[in-house]
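**Q** Sequence plus predicted model, see below.
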Amino acid sequence: MMKINKHLEERIMKGLMVASLALVVGSLVAILGTVLAKGLPALNWAMLTQTPKGGYYLGKEGGILNAITGSLVLVAAATALSFFPALAVVLYLHLFAKHNRLLDLTRLSLDVLWSVPSIVYGAFGFTLMLMLGLRASLLGGIIALALLEFPVMIRTMDEVLLMVPHELKEVSYAMGATRLETAVRVVLRQAAPGLLTAVLLACGRGIGDAASVLFTAGYTDRMPTTLLRPVASLPLAVFFQLGTPVPQVQERAYASALVLTVIVLALSLGARSLTRRLSRHIIH
Amino acid sequence: MDSAINDPLIQIQGLNVAYGSQLAIRDVSVDIPAQQITAIIGPSGCGKTTLLRSISRLTELVDGVRVWGKILFDGQDVYAPDVDVTEVRKRIGLLAQRPFPLPMSIYDNVAYGPRLYGVRQREALNAIVEKELRAAGLWDEVKDRLHAPATALSIGQQQRLCLARGLAVEPDVLLCDEVTSALDPISAQRIEGRLVELKTNYTIILVTHVLRQARRLADYVIFMYLGELIEHGPAEQIFQHPQHPKTRAYLAGELY
């Protein structure tokens, strides 16, 4: 009797797990499928190579090159801006901070910051800009996105560095290296692939976010040329196009979403091959 | 039965080490002779590794550890407040239980220490790398793939690489923490062979739980039990005529 129950239990559990897996994979396929099915027919060369012409949002000619370029510039600058402070914070946490409540509190607050909705970052960035006398601009968008990416970057890097074996650091200390020398020459090298993943996660959060750039970066049909003018972005391009009553333009929204998805995918694949190269010397 | 040592290189005086409220080393005083192999033996948990690591101040890397007492190295207390700990660790090297290559090539592993201390020229580094890999008995096996990842080596080779890496810093003392316990018998034999050769130039302190290894290698023996130093003296004396009943019991295999 006991035996049958155990087998039954295992079967039910296994069934639930398979069902969950199917749900997750199914959702992914459904999302990608929808974007592909609706977006691919509307996607053409002009969309990728032109900025919106007059009447674009009513179905006339043009493209979303402004948003593609805008998003790439925004996310590249924001990631670069948050990377170095994040790295400094994480190295401090791991090499110098004593293990105490302050450290736990720091991690907790970063977790909270991570889960703060991005519209709050947008609102905060907007307030900040008002205080500084800035208007919606590329600079404002970069700052808001950098703030948004910051906690993601730190917490992911933090987890990565936690996985560096203690013995590896000890090897370096035992040869008379200082903490900083050990950090730069050993810890960062060992953690490099993981740090890259952290950067990629942050990029992903940044490039897909609409709410934080809505007020801070604004939107424009022009290409980004200066830090102090508004800049377009792909999530907002999707949002605005989907909001028009013109079916043709709504299809373009899906095409824009497709472009965004492909960019994120390309980033992941690029990072993967880079990770492999960086992993050559890693100690397991 | 204290046998005084002429010209000791390291003098441990009233050393205590506590992890939190737990005393791991209790009032240990002992002199360690220069250019010999000193083996620290005793059952597991007796504090031999803690004692070893305290010599180059590696115990303090663990949170919540307190150390008091003195360790004189060349007459200078390594725990004195004005001592630069990196200088201590440069002169007292460590070879750990499991080989941990640094995440870089074979060459860069050996060059790690010299680069820390400012050696930049290619030829100088090449010379050091070759010299120390030879001293560790690894050169012939790796000379054609110096820039391959260190992880590509076998465990036994990795341990010799770690030895070469430690020697490249040019320490005076080599702390060896059960350095053969993770290795196959052949690799273990090779490491032992290197240590015997190296003692002409280095002072070696070796922690081992393998009595036969201590008998083969040691010139001087320290026996620890439950954090206390029970007996120490020349290897012959300890192994042939142990004084303390606990030492006798341990050597007879009756004390774990």
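**A** Received, thanks.

**Q** For residue A:53, report the pLDDT, please.
**A** According to the prediction, residue A:53 has pLDDT 88.

**Q** With adjacent residues omitted, what lies nearest to it?
**A** residue A:62 (3.8 Å; C-beta to C-beta, 6 or more residues apart in numbering or on different chains). The way it works is simple: take the backbone N, C-alpha and C, and place the C-beta from them, glycine included.

**Q** wait, what's in contact with that neighbour?
**A** Contact analysis of residue A:62 by C-beta atoms under 8 Å, 6 or more residues apart in numbering or on different chains lists A:46, A:50-53, A:56.

**Q** for residue A:182, same thing?
**A** Contacts of residue A:182 (C-beta under 8 Å, 6+ apart): A:95, A:169, A:172-173.

**Q** Count the residues that sit near the closest residue to residue A:122 other than its chain neighbours.
**A** Distance criterion C-beta to C-beta, 6+ apart; nearest residue to residue A:122, sequence neighbours excluded, is residue A:212 at 4.1 Å. Neighbour count of residue A:212, defined by other C-beta atoms under 10 Å in any protein chain shown: 32.

**Q** In this model residue A:159 seems to touch residue A:90, though I could be wrong.
**A** No. Using C-beta atoms under 8 Å, residue A:90 is not in contact with residue A:159; the gap is 9.7 Å.

**Q** Which one of those two is surrounded by more residues?
**A** residue A:90 (25 against 13).

**Q** ok, back up a step: I'd like the contacts of residue A:182 as CSV, with secondary structure appended.
**A** CSV is the format used below for these (DSSP: H, G, I helix; E, B strand; the rest coil):
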residue, secondary structure
A:95, helix
A:169, helix
A:172, helix
A:173, helix
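
**Q** buried subset of those?
**A** A:169, A:172-173 (16 or more other C-beta atoms under 10 Å in any protein chain shown).

**Q** got the residue ranges for the helices in the stretch 101-250 of chain A?
**A** Taking DSSP state H, counting those that start in this stretch, the helices of the stretch 101-250 of chain A run over residues A:101-115, A:118-132, A:138-162, A:166-174, A:179-182, A:188-207, A:211-216, A:234-242, A:247-278.

**Q** Can you say which of these is nearest to residue A:33?
**A** helix A:247-278 (11.3 Å; C-beta to C-beta).

**Q** by how many degrees do the closest one and helix A:188-207 diverge?
**A** 180 degrees (axes from the mean of the first three to the mean of the last three C-alpha atoms, to 10 degrees).

**Q** mind checking how far helix A:247-278 is from the chain centre?
**A** Offset of helix A:247-278 from its chain centre (C-alpha atoms, centre = their mean, to the nearest Å): 12 Å.

**Q** Neighbour-wise, which one of the contacts of residue A:62 leads?
**A** Tallying neighbours with other C-beta under 10 Å puts residue A:52 at the head of the contacts of residue A:62, with 23 neighbours.

**Q** Just give the closest residue to that one, not the sequence neighbours.
**A** Per C-beta to C-beta, 6+ apart, closest to residue A:52 is residue A:62, 4.0 Å.
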